[in-house]
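Colleague: coords below, sequence missing:
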């Protein structure tokens, strides 16, 4: 009988040169090189006050490397990123076998938004120096993204006032029933289930009242119309999608035509793509990405008379389909 070597896929001890795990030509190698040698990360230094006392912090470059590499692999949770840093050899190499705790990753992503945006701007600048951005045509499009917030917690201030009043009335009725039961000689005490329900009603009503005090004004759109607010994620919005109504954001990205480099990306708490167009264009102008001959393309979701007038005032050439285009174009007749 033939004999074969025993293959152990889970060795306990394995000598590994971590630097050699980041192979040239891979995304991880590029991220590591750029963040270590090409991009200035000193803007993150202001986040720390541990030069004389306190424990050393994880370098921002390390956190950015593992977060961006994980995103590229479709891992977007802090716990998932921590797991990769402990179990995946490429991520062990990126973090130098110093895996950050998931709370450290979550705090970094949620609080360093402005600093991280500057890193993306630096990446776009590097792509530009490498000749990857042609500036001839930019395509703008978007997608609706769900947020980690419940739709039932959305509404106007009037909606929340009615909910709070209803909860308080229900809690009052439970208390009255409890007090009436206490006057009967043989009546058992308030059931545990009723007690917990009463506490929940009172807590929910108090949360609603506290939110109303913290937000004395209605949330309004650019035209002054009242918009629903969400008590969990105040910046998100309720919006219709092909899979039903979600609570989330409209994300928009601008892509250069030469090598499909994403030069700008934003997320807005609105279901209207029309409102997203100008902020993306203005951000591209601030980064000096738009040349005199640059053309912007977008689908009918971004078409409005206000947007066309604003683009003309900014002297930006754009090709934006209107909602009646298919009816006029004979190529779409069938």
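Modeller: Done, it's in. The shown structure was predicted, so the numbers you read here are calculated from the model rather than taken from an experiment.
Colleague: contacts for stretch 299-309?
Modeller: The contact list for stretch 299-309, computed with Cβ atoms under 8 Å, 6 or more residues apart in numbering, reads 140-142, 273-274, 276-278, 318, 320-323, 325. Yep, even glycine has a C-beta here, placed from its N, CA and C like the rest.
Colleague: how about low-confidence regions in the protein?
Modeller: Residue ranges of the chain with pLDDT under 70: 11-12, 178-192.
Colleague: narrow the contacts of stretch 299-309 to those that are buried.
Modeller: 140, 142, 273, 274, 276, 277, 278, 318, 320 (16 or more other Cβ atoms under 10 Å).
Colleague: for the stretch 51-200 of the chain, which segments count as helices?
Modeller: 60-72, 78-87, 89-94, 102-111, 113-129, 157-182, 192-214 (DSSP state H, counting those that start in this stretch).
Colleague: okay, the ones you listed in JSON lines with mean neighbour count next?
Modeller: Shown next, in JSON lines, are those (neighbours: other Cβ atoms under 10 Å):
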{"stretch": "helix 60-72", "mean neighbour count": "21"}
{"stretch": "helix 78-87", "mean neighbour count": "18"}
{"stretch": "helix 89-94", "mean neighbour count": "21"}
{"stretch": "helix 102-111", "mean neighbour count": "15"}
{"stretch": "helix 113-129", "mean neighbour count": "15"}
{"stretch": "helix 157-182", "mean neighbour count": "14"}
{"stretch": "helix 192-214", "mean neighbour count": "14"}
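Colleague: can you pull the phi and psi angles for residue 136?
Modeller: Residue 136 adopts backbone torsions of phi -80, psi -40, taken as degrees, to the nearest 10.
Colleague: OK, contacts around it?
Modeller: 257, 258, 291, 293, 294, 295.
Colleague: which ones among the contacts of stretch 299-309 lie within helices?
Modeller: 274, 276, 277, 278, 325 (DSSP state H).
Colleague: hang on, residue 234 in a helix?
Modeller: No - per DSSP: H, G, I helix; E, B strand; the rest coil, residue 234 lies outside any helix segment and is coil.
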